[in-house]
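Student: Fold the following, please.
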Amino acid sequence: MSTDETEVRDPVEDQPDDGAVDQPSWWHRDHPTFSALAGFFTGLAFVLLVPALFVGLLSLLFDYDRAEDMFPLVLLTLVVPLGLVISPRTRRFGTYMWIGIVTTAVVVVGVGALVLYVLVNGES
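Tutor: Modelled structure (predicted):
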């Protein structure tokens, strides 16, 4: 290697190995888009997985009619992203989580409405 070439170094390797608790790598701590991306995709997963897991748990514990009556309680899980937005430390993550939740819900409802429209008004 010549002297004018710069060496690319991994910031994780540059940290001293003093046996201290491992800190997250620079990507998780300092990169400006990490919390935005993580929040958005957490919101997406939240919309898809939480209601499905809630229905599965209710159907295991109760009969069909009781589980159907209790399903609206899944809305109580929205307290978690609301709490993330309220706390100053997690506000950015919570905001992007809400963006992921709303975007996913709009896409799912929009595609469902379009498919229903095509099925009902399609040519026979």
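Student: which residues touch the most centrally placed residue in the chain?
Tutor: In the chain, the C-alpha nearest the mean C-alpha coordinate belongs to residue 42, at 0.7 Å (CA atoms, centre = their mean). Applying CB atoms under 8 Å, 6 or more residues apart in numbering, we find residue 42 in contact with 93, 97, 100. (C-beta placed from N, C-alpha, C; glycine too.)
Student: swap in residue 87?
Tutor: Residue 87 touches residue 94, counting by CB under 8 Å, 6+ apart.
Student: Just give the nearest non-adjacent residue to residue 96, would you?
Tutor: residue 39 (3.1 Å; CB to CB, 6 or more residues apart in numbering).
Student: and if you look at residue 91?
Tutor: Nearest to residue 91 is residue 85, by CB to CB, 6+ apart, at 5.9 Å.
Student: The one you found is in contact with residue 94, isn't it?
Tutor: Yes: taking contacts as CB atoms under 8 Å, residue 85 lies within contact range of residue 94: 3.8 Å.
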